[in-house]
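K.L.:
sequence and predicted structure are below.
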Number of protein chains: 2
Amino acid sequence: MAPRPIRVLLADDHVLVRAGIRSLLDAMAQVEVVGEAGSGEEALALAAQLRPDVVVMDIAMKGMNGLEATTRLRDQLPEVRVIVLSMYSSEEYVLQALRAGAAGYLVKDAATAELERTLRGVVNGETWLSPSISRQTVDGYARRMGADAEQDALTPRQLEVLRMIARGRSTKEIAYELNLSVKTVETHRAQIMERLAIRDVAGLVRYAIRTGLVAADM
Amino acid sequence: MAPRPIRVLLADDHVLVRAGIRSLLDAMAQVEVVGEAGSGEEALALAAQLRPDVVVMDIAMKGMNGLEATTRLRDQLPEVRVIVLSMYSSEEYVLQALRAGAAGYLVKDAATAELERTLRGVVNGETWLSPSISRQTVDGYARRMGADAEQDALTPRQLEVLRMIARGRSTKEIAYELNLSVKTVETHRAQIMERLAIRDVAGLVRYAIRTGLVAADM
DNA sequence: CCGGCCCATCGGGGATTCCCCGATGGCGCG
DNA sequence: CGCGCCATCGGGGAATCCCCGATGGGCCGG
């Protein structure tokens, strides 16, 4: 028994958390951590080189975030399974991860046993989500997949504006820095809010932090 | 050698992260994790019961956050040392931790070795900070200590208003829900911003998330 | 015990921003 | 080549913000 350990690549930009989770993974039988990445870019590079069975990926990372990295990873190496780790369990967020091609979604306050179950599940082709995520979410996802698939995702310009909003720049400042009229920036903000179904600036900031677009400090 | 292991209480509301860090601590010689807490309240209760040498405390926790818990802990059990764990290294934040009575401040992207050094350092009465934190920060703190000490900290009312702002409520909504005039809420907001030296709402939201006052989701 | 200080509350009024409307040029794609 | 999407901009009224000042209540030290 145990001729084939599960080869895992771990991506998280917090060294301490990464080391901690690695330590959990190391303690699991037939699980081998073959590499650690501290950013989305590094995760892509290491995955291409190491060809792990599973990538355990934190969503909120500096630089390329986990969702983007997952999308590209699934694009370049479709056989690699991705388990997304997140602090949050908001439905819209889980859906994004699933659309990006994740095979598992774990909230960080999940138990260790869950991590192991998810890990073994996804290598068998199953899709595992944290129990805190309602069944409806997944059903809704499955239902929607045939129709629109991914209609969200912000345009580059919108991302740029959102980042600046979340960093506290006023509409006027953004307009000045991007050489736009205030009106244009307002339009962008309004369309970002519409796409994300967020009603207030505070929500935009929280969204930006969730996705790692900006950090909560700075 | 090794008659007295360092007795550690670990407080972090994310089970997976907590388990990970515990695993790191368990691997250290003469370190014994005597308990785990998932909230500030639990940390206080367990600390009173277990009398650990050191509490390793995450800042952003649901319910009572790490800073508040640290303050109370130092109040009730002055002999217990607290190491604050945080995602962020902003200066103002470190200062808050130090004022709350923390003996160590570690950013989560610190290395494992740093955690161990900090741990052993603080039990010897030293104060350890992540290297990413500038020397100036500490000097500035030391300089200020003799004079004002802690002049910040928001009033309960201000905390309440800040929480609602970070959750995306408009000024009008807050006024309605708290049975206040819009003007009063505006005054509170302005005073919060002044106290925290934050200029924009986005900054308030980020601050609230850093301190665990609100989560980035919901 | 009282004068100061902070907290919480509220208002006026002008500047600013937001929000809902509409519009245009460019560009890719079937 | 029309259709849709992206990025850009404006008008105008509503809503909000920002800087002024003010009041009453509670607590604390002289």
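P.N.:
Noted; the coordinates are in hand. Numbering: from 1, shown residues only, chains lettered A, B, ... in the order given.

K.L.:
quickly find the element holding residue A:42.
P.N.:
Using DSSP states H and E, residue A:42 sits in helix A:40-50.

K.L.:
cool, residue A:84 as well?
P.N.:
Per DSSP H and E: strand A:81-86 holds residue A:84.

K.L.:
can I get the CA coordinates of that strand in PDB?
P.N.:
This file holds the C-alpha atoms of strand A:81-86, laid out as PDB (Å, rounded to 0.1, in the frame of the first residue of the first chain):
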ATOM      1  CA  ARG A  81      -6.200  19.800  -9.400                       C
ATOM      2  CA  VAL A  82      -6.500  23.000  -7.400                       C
ATOM      3  CA  ILE A  83      -7.800  23.400  -3.900                       C
ATOM      4  CA  VAL A  84      -8.600  26.900  -3.000                       C
ATOM      5  CA  LEU A  85      -8.000  28.100   0.500                       C
ATOM      6  CA  SER A  86      -9.800  31.200   1.700                       C
END
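
K.L.:
neighbouring contacts of it?
P.N.:
For strand A:81-86, the external contacting residues (C-beta atoms under 8 Å, 6 or more residues apart in numbering or on different chains) are A:12, A:21, A:53-60, A:66-67, A:70, A:73-74, A:93, A:97, A:100-108, A:118-119, A:122-123, A:128, A:210, B:16. C-betas here are computed from N, CA, C, even on glycine.

K.L.:
can you name the element that comes right after it?
P.N.:
Next helix or strand after strand A:81-86 toward the C-terminus (DSSP H and E): helix A:91-100.

K.L.:
and the pLDDT at the closest residue to residue A:186 other than its chain neighbours?
P.N.:
Nearest non-adjacent residue to residue A:186, counting by C-beta to C-beta, 6 or more residues apart in numbering or on different chains: residue A:171, 6.0 Å away. Residue A:171 carries a pLDDT value of 90.

K.L.:
OK, contacts around residue A:171?
P.N.:
By C-beta under 8 Å, 6+ apart, the contact set of residue A:171 is A:182, A:185, A:186, A:189.

K.L.:
before we move on, what about residue A:34?
P.N.:
Residue A:34 touches A:7, A:8, A:9, A:50, A:52, counting by C-beta under 8 Å, 6+ apart.

K.L.:
looking at this, the third one is in a strand?
P.N.:
Yes: applying DSSP: H, G, I helix; E, B strand; the rest coil, one finds residue A:9 inside a strand.

K.L.:
widest-spaced pair of the contacts of residue A:34?
P.N.:
Taking every pair in the contacts of residue A:34 and measuring C-beta to C-beta, the maximum separation is 9.7 Å, between A:8 and A:50.

K.L.:
for these two, work out which one has more neighbours and name it.
P.N.:
Using other C-beta atoms under 10 Å in any protein chain shown, the more surrounded residue of residue A:8 and residue A:50 is residue A:8, with 26 against 15.

K.L.:
isn't that one up against residue A:31?
P.N.:
Yes: using C-beta atoms under 8 Å, residue A:8 is in contact with residue A:31, at 6.1 Å.

K.L.:
overlap of the contact sets of the two?
P.N.:
Common neighbours of residue A:8 and residue A:31 (criterion: C-beta under 8 Å, 6+ apart): A:25, A:119.

K.L.:
buried residues in stretch A:45-65?
P.N.:
With burial defined by 16 or more other C-beta atoms under 10 Å in any protein chain shown, the residues of stretch A:45-65 counted as buried are A:46-47, A:52-61, A:64-65.

K.L.:
need the helix or strand of chain A with the lowest average pLDDT.
P.N.:
Between all helices and strands in chain A, the lowest mean by mean pLDDT, DSSP states H and E belongs to helix A:135-145, at a mean of 49.

K.L.:
the longest helix seen in chain A and DNA strand C in contact?
P.N.:
Looking across chain A with DSSP state H, the single longest helix is helix A:182-196. Yes: applying C-beta under 7 Å from any atom of the strand, one finds helix A:182-196 touching DNA strand C at A:182, A:183, A:186, A:187, A:189, A:190.

K.L.:
of those residues - the most surrounded one?
P.N.:
residue A:189 (19 neighbours).

K.L.:
residue contacts, that one?
P.N.:
Residue A:189 sits next to A:161, A:165, A:171, A:204 when contact means C-beta under 8 Å, 6+ apart.

K.L.:
per-residue confidence at it?
P.N.:
On the pLDDT scale, residue A:189 is placed at 91.

K.L.:
if I look at residue A:96, how far off is DNA strand D?
P.N.:
For residue A:96, the distance to DNA strand D equals 16 Å [C-beta to the nearest atom of the strand, to the nearest Å].

K.L.:
ok, that residue touching residue A:65?
P.N.:
No: taking contacts as C-beta under 8 Å, residue A:96 lies outside contact range of residue A:65: 10.5 Å.

K.L.:
just give the nearest non-adjacent residue to residue A:203, would you?
P.N.:
Leaving out its chain neighbours, the residue that sits closest to residue A:203 by C-beta to C-beta, 6+ apart is residue B:168, at 4.7 Å.

K.L.:
mind checking the SS state of that neighbour?
P.N.:
coil.

K.L.:
which secondary structure element is home to residue A:35?
P.N.:
With DSSP H and E as criterion, residue A:35 is part of strand A:31-37.

K.L.:
do the same with residue A:18
P.N.:
Assignment of secondary structure by DSSP H and E places residue A:18 within helix A:15-26.

K.L.:
ok and that helix relative to helix B:15-26, angle-wise?
P.N.:
90 degrees (axes from the mean of the first three to the mean of the last three C-alpha atoms, to 10 degrees).

K.L.:
what's in contact with stretch A:119-134?
P.N.:
Contact partners of stretch A:119-134, identified using C-beta under 8 Å, 6+ apart, comprise A:6, A:8, A:25, A:28, A:31, A:53-54, A:56, A:81, A:83, A:89, A:91, A:94, A:98, A:103-107, A:110, A:114, A:117-118, A:137-138.

K.L.:
could you pull up the residues touching the residue nearest to residue A:203?
P.N.:
A:199, A:200, A:201, A:202, A:203, A:206 are the contacts of residue B:168 under C-beta under 8 Å, 6+ apart.

K.L.:
mind doing that once more with 6 Å?
P.N.:
A:200, A:202, A:203 (C-beta atoms under 6 Å, 6 or more residues apart in numbering or on different chains).

K.L.:
look up the closest residue to the first one, ignoring the ones flanking it.
P.N.:
Spatial nearest neighbour of residue A:200, chain neighbours left out: residue B:168 (3.9 Å); criterion: C-beta to C-beta, 6+ apart.
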